[in-house]
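Q: Output the structure for:
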Amino acid sequence: MNLFCTLYPDEDVSVLLRDLSKARGFDVTTARDQGMLGKSDEEQLAYSASAKRCLLTHNRADFEKLHTLYIATGKNHKGIIIATRRNPYDLTRRVAVLLDSLTADEIEGQLFYI
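A: Got it, this is the predicted structure:
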């Protein structure tokens, strides 16, 4: 059982969220950290799945489609969190509430809106 979800914000999410989340004890790496800037949404989700990290994005339309495609084709991802744009402090708080409430196993393969 995986208790703690690790997080991968894509390039649309402020990198400040990484530092704020790490200060709260979360394991976070960003698209910038991993050299994934400019990669497609498909590549971002594939990377997060292979790295066993939940993807955080503001890009609702594209990642809803990718989530549906993953389900239809039997692929697995470690979770997708779609967040409305807000300041990094508020977003960090909202992400923390979700990650503190659910295990990595409960987040895996799911799509969340915050």
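Q: partners of the residue nearest to the spatial centre of the chain in the sheet?
A: Nearest to the geometric centre of the chain sits L55, at 1.9 Å (C-alpha atoms, centre = their mean). Beta bridges link L55 to Y8, I80, judged by DSSP bridges.
Q: Settle this for me: it is touching I80, isn't it.
A: Yes: using C-beta atoms under 8 Å, L55 is in contact with I80, at 5.1 Å. Heads up, the C-betas are built off the backbone N, CA and C, glycines and all.
Q: Now do the shared contacts for these two.
A: Shared contacts of L55 and I80, defined by C-beta atoms under 8 Å, 6 or more residues apart in numbering, comprise L45, F63.
Q: the helices in this structure, which residues?
A: 16-23, 41-50, 60-73, 88-101, 104-107 (DSSP state H).
Q: Centre of the chain to the second one, how far?
A: Meaning helix 41-50. Distance of helix 41-50 from its chain centroid, counting by C-alpha atoms, centre = their mean, to the nearest Å, is 10 Å.
Q: Need the residues that contact that helix.
A: Identification of contacts with helix 41-50 by C-beta under 8 Å, 6+ apart yields 8, 10-11, 31, 34, 36, 39, 54-55, 57, 59, 62-63, 66, 70, 75-78, 80.
Q: Selecting buried members of the residues you listed in ChimeraX, what would you type?
A: Selection of buried members from the contacts of helix 41-50 for ChimeraX, criterion 16 or more other C-beta atoms under 10 Å:
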select :8,10,31,36,39,54,55,57,59,63,66,70,77,78,80
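Q: Alpha carbons only: can I get stretch 33-53 in CSV?
A: Provided in CSV are the C-alpha atoms of stretch 33-53 (Å, rounded to 0.1, in the frame of the first residue of the first chain):
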residue,chain,number,x,y,z
ASP,A,33,13.1,20.1,-12.5
GLN,A,34,12.8,17.1,-14.8
GLY,A,35,13.6,18.8,-18.1
MET,A,36,10.1,18.4,-19.3
LEU,A,37,9.3,22.0,-20.3
GLY,A,38,7.7,22.2,-23.7
LYS,A,39,6.7,18.6,-23.8
SER,A,40,3.2,17.6,-24.9
ASP,A,41,0.5,16.8,-22.4
GLU,A,42,0.7,13.2,-23.4
GLU,A,43,4.4,13.2,-22.6
GLN,A,44,3.7,14.9,-19.3
LEU,A,45,1.2,12.3,-18.2
ALA,A,46,3.4,9.4,-19.4
TYR,A,47,6.3,10.8,-17.4
SER,A,48,4.2,11.3,-14.3
ALA,A,49,2.9,7.7,-14.6
SER,A,50,6.4,6.3,-15.1
ALA,A,51,7.7,8.3,-12.2
LYS,A,52,4.8,7.2,-10.0
ARG,A,53,3.7,10.7,-9.4
